[in-house]
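Undergrad: Dropping the sequence and predicted coords here.
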Amino acid sequence: MGTTKTVLVVEDDNALRQVVKKVLESNGYVVYQGEDAGGASANARYFGGIVDLLLADINLPGLTGGEYAEFLRSHNANLKVLYMSGSLEDGLVRTHLRKKTATFLQKPFTHVELVIAVKKALGEIPDTPEIED
């Protein structure tokens with residue numbers, strides 16, 4: 001697998017969070033997790049915490065995914081952000097997507113779609129395929 005990238009997964013649905021964690025860890029990622037911004041931050045700090053990618057649901061208890069991303073970016077300007085949700089109703093998230101400071105994964109998604117979205121968000125594979133002449 002070969003990656004040493006860390007992903008902070010913030011999702012209030014425990015079953016989905018556990019599946020995402022398992023899939024990403026099986027693909028070589030170090031995964032910190034939490035059901036909300038506070039729990040995720042505490043977990044990441046406890047385990048030593050450098051985070052390469054925030055993978056967050058848009059609708060979270062407390063801070064929204066967009067608000068949490070802005071908070072984390074104030075401490076880590078290089079943080080990559082991938083939102084996951086069933087809808088794009090959050091204006092802050094739409095702004096991040098428009099500015100290309102985040103990417104989006106539509107729920108529901110497959111394991112393959114998850115891994116591809118994470119790899120693209122981290123720059124491990126190109127966002128768009130190369131077209132050969």
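TA: Done, it's in. Residues are numbered from 1 along each chain as shown.
Undergrad: just the strands in the chain please.
TA: Assigned by DSSP state E, the strands in the chain fall at 6-10, 30-34, 53-57, 80-85, 103-106.
Undergrad: Who are the packing partners of the fourth one?
TA: The contact analysis (3 or more Cβ pairs under 8 Å, 6 or more residues apart in numbering; DSSP states H and E) places strand 80-85 against strand 53-57, helix 65-73, helix 91-98, strand 103-106, helix 111-121. (Each C-beta comes from the backbone N, C-alpha and C, glycine too.)
Undergrad: For Glu11, see how far away Asn56 is.
TA: Small correction: residue 56 is Ala, not Asn. Applying Cβ to Cβ, to the nearest Å, the value for Ala56 to Glu11 is 7 Å.
Undergrad: Flag the shaky bits of this protein, pLDDT-wise.
TA: Applying pLDDT under 70 to the chain flags the ranges 1-3, 44, 46-49, 90, 128-133.
Undergrad: quick one on the thing from earlier: tell me the most buried of the helices and strands packed on strand 80-85?
TA: Of all the helices and strands packed on strand 80-85, strand 53-57 has the most neighbours on average by mean count of other Cβ atoms under 10 Å, namely a mean of 26.
Undergrad: How far does it sit from its chain's centre?
TA: Relative to its parent chain, strand 53-57 has a centroid offset of 2 Å by Cα atoms, centre = their mean, to the nearest Å.
Undergrad: Output that strand in CSV with nothing but the alpha carbons.
TA: Taking C-alpha atoms only, strand 53-57 is exported to CSV below (Å, rounded to 0.1, in the frame of the first residue of the first chain):
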residue,chain,number,x,y,z
LEU,A,53,-7.1,14.9,4.8
LEU,A,54,-10.3,15.9,6.5
LEU,A,55,-13.1,13.6,5.3
ALA,A,56,-16.2,15.1,6.9
ASP,A,57,-19.9,14.9,6.6
